[in-house]
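Asker: Sequence first, then the predicted structure:
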Amino acid sequence: MARFRLEKPAATDKTALFSIHELLFKEQITQVWGWDDAWQRANFDEEWERVETLAIHDATGLAGYLQTERHPDHIYVLNLALLPGSQGCGIGGEVMGILKDEARKLGTSLRLSVFLTNERALAFYLRHGFRVEESTATSRKLVWPA
């Protein structure tokens, strides 16, 4: 039996996924730009409509979500978000493996951004073969070449 599954979330899951977003990213966003609840909710709703969002379920239930956007020359990972109880057990690495396999098949790269304040996420992506392509005032832009 798989340790987790990725699936298209039901519309009713959006509130729970936003709660995960808030739990995991509010502190980072507050440090970088300041948290504006109305803007965050509107942005989450816009991304929900625009990008592919998959719910991540593990033995505990809803464990997080993955948001990706396909471009002609890369796959952009908007968010790989796992609840604290589901972190550090290999799920994130397996999800990255799935994304890398897709990128290899397409002959393209993976791209993403990490807040400068999120050293743990940066270390995770560097362990998985990403390299820092650019640093801005708020984030590091990373790439995993095909």
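Answerer: Arrived safely. Numbering: from 1, shown residues only.

Asker: Tell me the buried residues in the helix ranked longest in the chain?
Answerer: Criterion DSSP state H: the longest helix present in the chain is helix 14-32. Of all the residues in helix 14-32, those buried under the rule 16 or more other Cβ atoms under 10 Å are 14, 17-18, 20-22, 24-25, 28-29, 32. In short, each C-beta sits where N, CA and C put it, glycine included.

Asker: Let's have these in TSV, adding pLDDT and distance to residue 117.
Answerer: Putting those into TSV (pLDDT from 0 to 100; distance: Cβ to Cβ, whole Å) gives the following:
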residue	pLDDT	distance to residue 117
14	95	26
17	96	22
18	97	21
20	97	19
21	96	16
22	96	16
24	94	13
25	93	11
28	90	5
29	92	9
32	87	6
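
Asker: Who are the packing partners of the longest helix of the chain?
Answerer: Counting contacts by 3 or more Cβ pairs under 8 Å, 6 or more residues apart in numbering; DSSP states H and E, helix 14-32 is packed against helix 37-50, strand 61-71, strand 74-82, strand 109-115.

Asker: Export those to JSON lines and append columns for distance to residue 100 and mean pLDDT.
Answerer: Shown next, in JSON lines, are the helices and strands packed on helix 14-32 (distance: least, Cβ to Cβ, whole Å; pLDDT from 0 to 100):
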{"stretch": "helix 37-50", "distance to residue 100": "22", "mean pLDDT": "95"}
{"stretch": "strand 61-71", "distance to residue 100": "12", "mean pLDDT": "96"}
{"stretch": "strand 74-82", "distance to residue 100": "10", "mean pLDDT": "97"}
{"stretch": "strand 109-115", "distance to residue 100": "7", "mean pLDDT": "97"}
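
Asker: Switch the ones you listed over to CSV; also include mean neighbour count.
Answerer: Listed next are these as CSV, based on neighbours: other Cβ atoms under 10 Å:
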stretch, mean neighbour count
helix 37-50, 12
strand 61-71, 18
strand 74-82, 19
strand 109-115, 20
